[in-house]
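**Q** coordinates only, no sequence provided:
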């Protein structure tokens, strides 16, 4: 069950000693699954990037044609030691991604393999720095967003769900999970009907969405306000990206501890697993391709929003 995998991931990641190899050990009992760990040094420390590949029965890895799904656990760090003791709220994205990988891997051993490949990426850092932000502080990261995208947003991914704690704001006043509109190559498209349907099914409730702005889908580092990094994968891919936010009714700091709610994380896991089933089987679309082609014909490319933008010339 997704909740059991979530509890297992939480237990392993809630440690000052956890690293990428700790996550890799969770998958040793699944022979078909491959896990790669890469330690990357940044200006503010180091982190372990983890890539988990769950091959499908008709996936591209085996020469098949089924589409490949990407699941990105987006975060600054899972801990802010020594400033804060324990797992921080920002860790939810990593926990959900690892738990989703475990669920998909376990399904294979029980005869329930997906048609397409699924690639899960995230990073593990128990001692990341913090960052001032309004209305509450965020977690920072030992590596920059370009490095994150380089190791987490892969060209093989044909659609991406980006899971991120999104509690440090006053625009999402709902405890649980919420999804964003689809973002593709600089366009904010309408919310996917298929994802709304899957969300209704997996939560047993009406679907919840959250607003995003043009600023949110531009790269970090341009001095514009971003709700958080949930849609930063969209600046590094041609694939459609949807944010899966783990949310709260109140504004919760990303560096706050004791703020990870296993039921909410498990809801995110259930949503991404069911989406992976349907997307790799061809029964779920992140966007309407015909409508996307029309909007690009009418208004042209918006890929400039995936770049740092036009830099002002230095004053004389």
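**A** All right, it came through fine. All figures in this text were calculated on a predicted structure; none of them were measured in a lab. Numbers count the residues shown, from 1 in each chain.
**Q** as a check, name the ranges of all helices in the stretch 151-300 of the chain.
**A** 193-203, 262-281, 289-299 (DSSP state H, counting those that start in this stretch).
**Q** which residues in this structure form strands?
**A** 34-42, 45-54, 69-73, 118-124, 130-131, 138-139, 159-165, 176-179, 183-184, 187-188, 241-247 (DSSP state E).
**Q** can you pull out the low-pLDDT segments for this protein?
**A** 136, 312-316 (pLDDT under 70).
**Q** so the residue nearest the centre of it bridges to which residues?
**A** What sits nearest the mean C-alpha location of the chain, by C-alpha atoms, centre = their mean, is residue 162, with 2.4 Å. Residue 162 has the following beta-bridge partners by DSSP bridges: residue 72, residue 243.
**Q** quick one on the thing from earlier: how about the strands of the chain in JSON lines, adding distance to residue 228?
**A** Glycine gets a C-beta too; all of them are placed from N, C-alpha and C. Conversion of the strands of the chain to JSON lines gives the following (distance: least, C-beta to C-beta, whole Å):
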{"stretch": "strand 34-42", "distance to residue 228": "19"}
{"stretch": "strand 45-54", "distance to residue 228": "17"}
{"stretch": "strand 69-73", "distance to residue 228": "13"}
{"stretch": "strand 118-124", "distance to residue 228": "15"}
{"stretch": "strand 130-131", "distance to residue 228": "11"}
{"stretch": "strand 138-139", "distance to residue 228": "7"}
{"stretch": "strand 159-165", "distance to residue 228": "6"}
{"stretch": "strand 176-179", "distance to residue 228": "13"}
{"stretch": "strand 183-184", "distance to residue 228": "14"}
{"stretch": "strand 187-188", "distance to residue 228": "16"}
{"stretch": "strand 241-247", "distance to residue 228": "8"}
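**Q** deepest of the helices of the stretch 151-300 of the chain, which one?
**A** helix 262-281 (a mean of 23; mean count of other C-beta atoms under 10 Å).
**Q** now for that one, which elements pack on it?
**A** Here helix 262-281 touches helix 2-13, strand 69-73, helix 92-109, strand 159-165, strand 176-179, helix 193-203, strand 241-247, going by 3 or more C-beta pairs under 8 Å, 6 or more residues apart in numbering; DSSP states H and E.
**Q** quick one on the thing from earlier: can you say which of the helices of the stretch 151-300 of the chain is nearest to residue 134?
**A** Between residue 134 and those, the shortest gap by C-beta to C-beta is with helix 262-281, which sits at 23.5 Å.
**Q** ok, residue 250 - how many residues close by?
**A** Neighbours of residue 250 under the rule other C-beta atoms under 10 Å: 9.
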